[in-house]
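Student: everything below, folded, please.
(one chain, ligands or ions: 2)
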Amino acid sequence: MAAKDSRLAVFANLSGGWVPCSQLQLTETANTLIASSLAYGLNYLKRSNAIEIDPVGLGLSDRQAIQGVRLQPPNRLAFFGGIRDAAPDAWGRRVIEAKLKVPANSLPESQYLLHAGSERVGALDIRATLNDAPNAATGQLHTLAYLMEAAQRIEAGLPVPAQLDAIFINGTAMGGARPKASVRDESGVLWLAKFASGQDRIDVPLIEYAALQLGREASLNVPPVRTLQVGDRRVMMIRRFDRYWASTGELPTPHIPFTDTIPTPGAAEHRLAFNSGLTWVGCDESESREKSYGDLAEAIRRYAHPSVIRSDNAELFKRMIFNILVSNDDDHLRNHGFIWDPRLPGWRLSPLYDVMPRPSLATERFLHLGIGPQGRVATLDNALASHARFTLSEREAALLIGQVWGVVREWRVYFERDGVPDSEIELIAPAFRHIDTVSSHELRRKLP
Ligand SMILES: Nc1ncnc2c1ncn2[C@@H]1O[C@H](COP(=O)(O)OP(=O)(O)OP(=O)(O)O)[C@@H](O)[C@H]1O
Ligand SMILES: [Mg+2]
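Tutor: Ligands and ions are numbered 1, 2, ... in the order given. From the prediction side, this is the model:
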């Protein structure tokens, strides 16, 4: 099949308003993306508050050098990471296909990019032409029951009746494979609603909620989360960390999390740019398993704002320890993210998301990403041995391990507090690891 070129308009949301950012050209056959190129608009490059799509292949540190230049993706990739991060992933693709009534994965990438709608993650929107308006409708909390029913039908491969078609606007935008939709609460705050899936054998929304709350206890940076009962199903709600509210020209005070801001009269909704770890490590999704937390730490050293490198790497190290202790082995590169903080201004690690303990009977377990000299083997010794890659001394790393273990060892207490019934606690218990099973005597002697 002959390859075809399509040109798309990329918009960026700066200080709460959409502006044209760049022109994206995609060369594709029916369903394979062969190549892309992108040229930033000259007017965009003149804006003092212009943000880069990603710092890997589309950085704005030397604006002069890229004026009028058609940029190519780095590392011979077909796609720019920062654009792929604005594209729907497995779930959003299923929703778009259901809407257009076409088979799975049958559309060209440009179509998925165009159909994802403006509530996609981050600060970008991709539209057919510069004249197109944003398509940013989102559901309200009270529409969750419809969205959930529509999501179940799409999962089951059933047609979606007209009265449920709100899913086509609210359910396409976000990445990931599990059924989800974005909704606004009564005050206008945007949340990501994650639904149960037909294949779940445990109450995934409740366990993910409790696991994220446990992460917060372990002093990880976790956005507000809650659960809602919708009919006989539970929904996990995580606040969108890529949106905040502020009066024009004002920024939230440093150290106030963006997720603490709320819509008030006179305050506009703002967007934070988002990049995945996949983008920052600069590889194709298929190579994710060969990459490591150390690679992410290195990317942080290279691309994050200098003032946050140390703390972000300590946080990343703690997330790795947490994932080992709760067997969260779906910790692939897209489950790590970065946001552009206009207060720095610069990139920093995003709040934590997508943490799901996985019960297992295996004594030897692995995470998705490499941990240390022993590769992906999920032990604390392996993690501690990699301390230098996170710019941590062995002593500092041991302190962080002790902190995280001190909380995770009490997981049952926190899960009970968070309303996880005994039956679910027993089902999930084999995910949690005792320190004695994931560390040596020598390591434990080094802990505080
Ligand atoms: N709180 C949030 N705010 C903004 N964006 C988010 C938030 N949580 C997740 N995302 C984005 O949405 C994507 C999908 O969310 P998530 O990873 O939780 O879904 P998932 O379907 O469980 O993923 P997976 O396929 O990895 O299991 C993430 O990769 C991230 O880009
Ligand atoms: Mg995910």
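Student: which residues of the stretch 201-350 of the chain fall in strands?
Tutor: Along the stretch 201-350 of the chain, the segments classed as strands by DSSP state E, counting those that start in this stretch run 225-230, 233-239, 243-247, 267-271, 274-276, 337-341, 346-349.
Student: for the stretch 51-200 of the chain, same thing?
Tutor: Assigned by DSSP E, counting those that start in this stretch, the strands in the stretch 51-200 of the chain fall at 124-127, 139-140, 180-184, 190-194.
Student: adding mean pLDDT and mean neighbour count, write the ones you listed out as JSON lines.
Tutor: The way it works is simple: take the backbone N, C-alpha and C, and place the C-beta from them, glycine included. Shown next, in JSON lines, are those (pLDDT from 0 to 100; neighbours: other Cβ atoms under 10 Å):
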{"stretch": "strand 124-127", "mean pLDDT": "97", "mean neighbour count": "24"}
{"stretch": "strand 139-140", "mean pLDDT": "84", "mean neighbour count": "17"}
{"stretch": "strand 180-184", "mean pLDDT": "93", "mean neighbour count": "24"}
{"stretch": "strand 190-194", "mean pLDDT": "96", "mean neighbour count": "24"}
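Student: how many residues are close by the closest residue in space to residue 186 that isn't next to it in sequence?
Tutor: Spatial nearest neighbour of residue 186, excluding adjacent residues (Cβ to Cβ, 6 or more residues apart in numbering): residue 141 at 6.9 Å. Look at residue 141: counted by other Cβ atoms under 10 Å, it has 16 neighbours.
Student: tell me the contacts of residue 141?
Tutor: Applying Cβ atoms under 8 Å, 6 or more residues apart in numbering, we find residue 141 in contact with 183, 184, 185, 186, 228.
Student: what's the most distant pair in those residues?
Tutor: 184 and 228 (13.5 Å; Cβ to Cβ).
Student: show residues contacting stretch 39-46.
Tutor: Outside of stretch 39-46, the residues within contact range by Cβ under 8 Å, 6+ apart are 12, 19-23, 50, 58, 60, 63, 66-71.
Student: hang on, the earlier thing: adding distance to residue 293, write the strands of the stretch 51-200 of the chain out as TSV.
Tutor: Shown next, in TSV, are these (distance: least, Cβ to Cβ, whole Å):
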stretch	distance to residue 293
strand 124-127	27
strand 139-140	36
strand 180-184	26
strand 190-194	24
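Student: can you list the residues of the stretch 1-150 of the chain near ligand 1?
Tutor: For the stretch 1-150 of the chain, the contact set with ligand 1 under Cβ under 6 Å from any ligand atom comprises 91, 121.
Student: go with 5 Å
Tutor: Proximity of the stretch 1-150 of the chain to ligand 1, by Cβ under 5 Å from any ligand atom, involves residues residue 121.
Student: confidence score at the residue in the stretch 1-150 of the chain positioned nearest to ligand 1?
Tutor: Across the stretch 1-150 of the chain, the shortest distance to ligand 1 (Cβ to the nearest ligand atom) belongs to residue 121, at 4.5 Å. With respect to pLDDT, residue 121 has a value of 96.
Student: and for the closest residue to ligand 1 within the stretch 101-250 of the chain, the neighbour number?
Tutor: In the stretch 101-250 of the chain, the residue that lies nearest ligand 1 is residue 176 (2.4 Å; Cβ to the nearest ligand atom). Residue 176: 19 surrounding residues under other Cβ under 10 Å.
Student: run through the residues that contact it.
Tutor: 89, 90, 91, 334, 354.
Student: please report how far the closest residue to the fourth one other than its chain neighbours lies from residue 268.
Tutor: By the measure of Cβ to Cβ, 6+ apart, the closest residue to residue 334 outside its immediate chain neighbours is residue 276, 4.6 Å from it. Distance, residue 276 to residue 268, by Cβ to Cβ, to the nearest Å: 26 Å.
Student: ok, now residue 24?
Tutor: 27 Å.
Student: compare those two (neighbour count), which wins?
Tutor: Counted by other Cβ under 10 Å, residue 24 and residue 268 do not tie: residue 24 has more neighbours, with 20 against 15.
Student: what are the pairing partners of the helix or strand containing the more buried one, and which direction each?
Tutor: In this structure, residue 24 is located in strand 17-28 according to DSSP states H and E. In the sheet containing strand 17-28, its partner strands are strand 4-14 (antiparallel), strand 33-40 (antiparallel), by DSSP bridges.
Student: residues in contact with it?
Tutor: With contacts defined as Cβ under 8 Å, 6+ apart, strand 17-28 is touched by 3-13, 33-41, 43-44, 47, 50, 53, 70, 80, 83, 108-110, 113, 124-126, 130, 134.
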